[in-house]
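>>> Pasting the sequence and the predicted model now:
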Amino acid sequence: MKKNISEPVKKPLVWIGFIILFALINPWYFPAGSWSPLLFGIPYWALIILVASLSLSIFITWVVMTQWETGADEDEEL
Amino acid sequence: MEVQLAFSGWSGILVLMLYGGLMLAVGVYAFLRNRGVRESLDEYYLGGRGLGAMVLFFTFFATQYSGNTVVGYPPTAYRLGYQYLVSVPFFIMIIMVYLLFAPRLYALGRRFNLLTPVDWIDLRFRSKKVTILAAILMLYGLGNYLLEQFVAIGQGVSGLTGGTIPYQVGVVFFIVIMVAYSWLGGMRSVAYTDTIQGVALLFGVFTLLIGSLIYLGGLPTAADTMIAEAPQKLGAPTGGGLTTWFCLLVLVGIGAAIYPHAFQRIFAARSERTLKRSFIRMAYMPFLTAGVVFMVGIIGISAFPDLTTAESEQLVGMMANALANQNAFFYWAMVLLFGGVIAAIVSTADSVLLTFSSIISNDLYGRYIAPNADESRKILVGKLVGVAAVVVLVLIAWYPPGTLYQIFVLKFEVLIQTAPALILGLYWSRLNTQAVFVGMLAGTVLAAAFTFAGYRPLGVYSGLWGLLLNLVVCVGGSLMSQMTETHRQRTLEVIGWQR
């Protein structure tokens, strides 16, 4: 039986995305100790980290929805 | 993490009793709905592999976020400021790590009817010594994890009730309830109660945040305080702060994803679709939980300035006290919050206990001692050994041994040593059984030795040093060894399924 199988771990695009986003959720690219400007009392770099984190969540959503298909459910129905 | 709430004595007891009653009712419900639950390992330990997306999501959620997230994280945010914002992305990392192994693991779980993480190791390596070593490491790590939860339950209960309920009574009450509902409905009970516990926790942290914003000042006020007194709490991390940030992302990401009780939950999903949906929801939860408790800790900086480290540990209790004094709504909301904290600890403990029993039932008793016993007997043995372990752990919690106490601290350091076998084994057919065994053992010994000696080279945690050695042995040993044709065929039958 031929099945259309797709695993995130075998997709170069998934790895590239994870590596880039992992780099972005580490705050190495800000001037050390800087915090100005503040937005709603939150330092700018913290907001950028939060945006990067949200991007990771969105990327995970995309990976789960489009890159993961093992056909395990169909096995079940057979 | 002892938090004394002077405001709640009897109201705290009332909430705890109601909570205990509700959990028992859930256990009875799960039992009545599924009479066959004690006849089949699949039914008892995996809820018949039928957990839907919502319940599966909450059981992942409640297992991952413990009472410590609520009581322990705000004090850390208070002390470190924005440097502790890492607590939001590190919870997202867990889902990222899951995606690297869960798809294949779920499919294999379905195909080979896997029940526990040890079951997978046995299928993959077919080696008695690897299976037994992995089972022992997991039981040991889970036991210590359970011990930590018991201590936390006792402290939480006596804190919530202002000492009206002594520590010991609190522990026994909740353990009896927990064991009762787990025995009644197995995984279904645990997952349903996780759902209630998860909702209680979410309600609690949100009211705490809203109350803090209304009565204790918002983030701009906190920022003003930090600018004036401790600008380093606002600033982007430097040197050591960056290393810590990086280590936490890696450690929590890998560690939390391969905790045996988290790993096992993958097998309980009703379908691949429900598993996917649960993961997508989990990817956003860090903002609503870790993010919220982080803000609470930051608000604390201006609301309760200049606390010492020991005092800051009581931060959530102080804030809850301040809010409870405002009006009746917040009084009851704060009582519920602490009910939610205890609920969160219990929901972590029940999952750990169930996984502990499943390894006894399926992997030690069922595989080696009495392979021909029927499943209800295997379940019974798992339950009884589980309870015996609980009794021993409670005694240890009450009478901590003076000299050997450190052996009860090792959890993560030991559990993570099973990662190469669990994850590398999924993808790499050459991975050699002997190398896995030696690697696992060497990694454990090194991690334990570094921990006992308090030795932490380069500031990196002992568990990671053990894992590094473990990986070097696994990979090096496998590359140097020759794989026989029968071995290759057999391995490909298991993990070459997609070809």
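Structure received.
>>> how about the one helix or strand B:Ala344 maps to: buried residues?
Assessed by DSSP states H and E, B:Ala344 sits inside helix B:328-358. Of the residues in helix B:328-358, those with enough neighbours to count as buried (16 or more other C-beta atoms under 10 Å in any protein chain shown) are B:330-331, B:333-358. (C-beta placed from N, C-alpha, C; glycine too.)
>>> now it: how far from the chain's centre is it?
13 Å (C-alpha atoms, centre = their mean, to the nearest Å).
>>> Quick check: mean pLDDT of that helix?
Helix B:328-358 shows an average pLDDT of 86 in the prediction.
>>> can you check stretch B:290-298 too?
Model confidence over stretch B:290-298, given as mean pLDDT, is 93.
>>> Restricting to C-alpha, output it in PDB.
Written as PDB, here are the backbone C-alpha positions of stretch B:290-298 (Å, rounded to 0.1, in the frame of the first residue of the first chain):
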ATOM      1  CA  ALA B 290       4.000  31.600  31.800                       C
ATOM      2  CA  GLY B 291       3.400  35.100  30.300                       C
ATOM      3  CA  VAL B 292       0.700  35.900  32.800                       C
ATOM      4  CA  VAL B 293       2.600  34.700  35.900                       C
ATOM      5  CA  PHE B 294       5.700  36.500  34.600                       C
ATOM      6  CA  MET B 295       3.700  39.800  34.500                       C
ATOM      7  CA  VAL B 296       2.500  39.100  38.100                       C
ATOM      8  CA  GLY B 297       6.100  38.900  39.200                       C
ATOM      9  CA  ILE B 298       7.100  42.100  37.400                       C
END
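>>> what's the residue nearest the centre of chain A in contact with, if anything?
Closest residue to the average C-alpha location of chain A: A:Leu56 at 2.8 Å, with C-alpha atoms, centre = their mean. Contact analysis of A:Leu56 by C-beta atoms under 8 Å, 6 or more residues apart in numbering or on different chains lists A:Leu21, A:Phe22, A:Leu24, A:Ile25, B:Pro89, B:Ile92, B:Met96, B:Ala283.
>>> May I have the predicted confidence score for it?
What the model reports for A:Leu56 is a pLDDT of 96.
>>> Check for me that it belongs to a strand.
No - if the criterion is DSSP: H, G, I helix; E, B strand; the rest coil, then A:Leu56 is helix and not within a strand.
>>> now B:Tyr259: how far from chain A?
For B:Tyr259, the distance to chain A equals 19 Å [C-beta to the nearest C-beta, to the nearest Å].
>>> My read is that that residue contacts B:Leu415, right?
Yes - using C-beta atoms under 8 Å, B:Tyr259 is in contact with B:Leu415, at 6.3 Å.
>>> Can you give me the first-to-last residue distance of stretch B:28-44?
In terms of C-alpha to C-alpha, to the nearest Å, the two terminal residues of stretch B:28-44 are separated by 14 Å.
>>> avg pLDDT for that stretch?
What stretch B:28-44 shows for mean pLDDT is 81.
>>> which other residues reach it?
Applying C-beta under 8 Å, 6+ apart, the contact partners of stretch B:28-44 are B:48-49, B:113, B:115, B:181, B:184-189, B:192, B:358, B:361-362, B:366, B:375-376, B:378-380.
>>> Using PyMOL, define a selection of the buried residues within those.
The following PyMOL selection, which keeps only the buried ones among the contacts of stretch B:28-44, applies the criterion 16+ other C-beta under 10 Å:
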select buried, chain B and resi 48+49+115+181+184+185+186+187+188+189+192+358+361+362+366+375+378+379+380
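>>> Filter the contacts of stretch B:28-44 down to the ones in strands?
Among the contacts of stretch B:28-44, no member is found in strands (DSSP state E).
>>> Distance of B:Leu108 relative to B:Trp120?
7 Å (C-beta to C-beta, to the nearest Å).
>>> Quick check: neighbours shared by those two?
Shared contacts of B:Leu108 and B:Trp120, defined by C-beta under 8 Å, 6+ apart, are found at B:Leu114.
>>> Could you give the number of residues near B:Met480?
Burial of B:Met480, expressed as a neighbour count using other C-beta atoms under 10 Å in any protein chain shown, amounts to 9.
>>> Spit out the contact partners of it.
With contacts defined as C-beta under 8 Å, 6+ apart, B:Met480 is in contact with no residue.
>>> Need the pLDDT of it.
Among the per-residue scores, B:Met480 shows a pLDDT of 88.
>>> now B:Ile177
For B:Ile177, the model assigns a pLDDT of 89.
>>> That one and B:Leu201: what is the separation?
17 Å.
>>> same check, this time on B:Thr308
The span separating B:Thr308 from B:Leu201 equals 28 Å under the rule C-beta to C-beta.
>>> which one of those two has more residues nearby?
Using other C-beta under 10 Å, the more surrounded residue of B:Thr308 and B:Leu201 is B:Leu201, with 26 against 8.
>>> Could you pull up the residues touching that one?
B:Ala62, B:Tyr65, B:Val70, B:Thr289, B:Gly340, B:Val341, B:Ala343, B:Ala344.
>>> contacting residues around the strand or helix carrying the third one?
This points to B:Val70. Counting by DSSP H and E, the element that carries B:Val70 is helix B:67-71. If you take C-beta under 8 Å, 6+ apart as the criterion, helix B:67-71 is touched by B:1, B:3, B:152, B:156, B:201, B:204-205, B:208, B:289-290, B:293, B:316, B:337, B:340-342, B:344-345, B:348.
>>> quick one: average confidence on that helix?
Here the mean pLDDT over helix B:67-71 is 79, rounded to a whole number.
>>> Could you list every helix and strand that the helix or strand just after it packs against?
Towards the C-terminus, the helix or strand next in line after helix B:67-71, according to DSSP H and E, is helix B:73-80. Packed against helix B:73-80, as judged by 3 or more C-beta pairs under 8 Å, 6 or more residues apart in numbering or on different chains; DSSP states H and E, are the following elements: helix B:87-112, helix B:290-303, helix B:309-312, helix B:315-324.
>>> Which one of those lies nearest to chain A?
Of all the helices and strands packed on helix B:73-80, it is helix B:87-112 that lies closest to chain A, at 4.0 Å by C-beta to the nearest C-beta.
>>> tell me what whatever helix or strand comes next after the closest one is packed against?
Later in the chain than helix B:87-112, the nearest helix or strand by DSSP H and E is helix B:117-125. On a contact count with 3+ C-beta pairs under 8 Å, 6+ apart, helix B:117-125 meets helix B:87-112, helix B:128-160, helix B:260-265, helix B:425-427, helix B:485-495.
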